[in-house]
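1. test case, fold it:
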Amino acid sequence: MWRVFLYLINSKLKKIALYSICLVLFLRCNTGIPESKNFSDLESIKFKASFVDLNDKKVDLTDYKGKRIVINYWATWCGPCIKEMPSLKRAEKILEDYNYTFLLVSDETVSKISTFKNEKNFNFNFLKSVKPNETMGVYSLPTSYIFDQNGKKVETIIGTIAWDSEQIINKLKIL
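-> As a prediction, this is how the structure comes out:
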């Protein structure tokens, strides 16, 4: 088998062979989070995650049981995260009567998050994740998880969206 591989590399099919190998490796990689390793509900995230508020007080997500929750993972250095914050704030206001709680989670220091909050004048419920985002299955920022009032994850959103758009608001109202 290796002789065939070496022959292909040394022949005029070199590019095709390399592209094929890259394609096979790419397709075999699992860039998503398998459902078995993903947050399936607030109980499982509780055991994987540890959060503190900006006063360094531990936050237990099960305290929010009975509410719909949007957990938005972000960072102070993430341009797209900051860009979507005004629409997140407007959506939070629009969805007040629909029992939503918005939690913005960063794995940066409490000091850095607090400074950001004060400088940018964003009035969110900011939390610090004690564990790095990667250990939580968050590999891209912003990433948001939406939980229903029973604590079951009903939606994952990776990337920036217009949270206050009519389409997203209508979708969140029925989740």
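
2. from here on, just use CA atoms for contacts and neighbour counts.
-> Will do.

3. give me the most central residue, the chain.
-> By CA atoms, centre = their mean, the chain has its centre lying nearest to T143, at 2.2 Å.

4. just give the nearest non-adjacent residue to it, would you?
-> Nearest residue to T143, sequence neighbours excluded (CA to CA, 6 or more residues apart in numbering): I158, at 4.4 Å.

5. next: V138.
-> Nearest residue to V138, sequence neighbours excluded (CA to CA, 6+ apart): Y73, at 7.7 Å.

6. chain neighbours aside, what residue packs nearest to E84?
-> Spatial nearest neighbour of E84, chain neighbours left out: T160 (6.2 Å); criterion: CA to CA, 6+ apart.

7. next, that neighbour: phi, psi?
-> phi -80, psi 140 (degrees, to the nearest 10).

8. for it, the count of nearby residues, please.
-> Per other CA atoms under 10 Å, the neighbour tally for T160 reads 17.

9. returning to that earlier point: pretty sure the residue nearest to the centre of the chain is in contact with N72, am I right?
-> Yes - the criterion here is CA atoms under 8 Å, and T143 meets it with N72 at 5.8 Å.

10. so for stretch 143-153, mean pLDDT?
-> Taken as a whole, stretch 143-153 carries a mean pLDDT of 93.

11. list the buried residues in that stretch.
-> Judged by neighbour count (16 or more other CA atoms under 10 Å), stretch 143-153 contains these buried residues: T143, S144, Y145, I146, F147, D148, Q149, G151, K152, K153.

12. end-to-end on that stretch?
-> Distance between the two ends of stretch 143-153: 13 Å, counting by CA to CA, to the nearest Å.

13. swap in stretch 145-163?
-> End residues of stretch 145-163 are separated by 13 Å (CA to CA).

14. check stretch 157-164 too.
-> End-to-end distance for stretch 157-164, by CA to CA: 14 Å.

15. just how off-centre is that stretch within its chain?
-> Distance, stretch centre to chain centre, for stretch 157-164: 10 Å (CA atoms, centre = their mean, to the nearest Å).

16. then stretch 119-130?
-> When distances are taken as CA atoms, centre = their mean, stretch 119-130 is centred 15 Å away from the chain's centroid.

17. so how far is the first residue of stretch 58-66 from its last?
-> Using CA to CA, one end of stretch 58-66 lies 20 Å from the other.

18. pull out the buried residues from it.
-> Buried positions in stretch 58-66, judged by neighbour count with 16+ other CA under 10 Å: V59, L61, Y64, K65.

19. among those residues, which are in strands?
-> Using DSSP state E, the members of these that fall within strands are V59.

20. and of the buried residues of stretch 58-66, the nearest to L88?
-> Y64 (18.8 Å; CA to CA).
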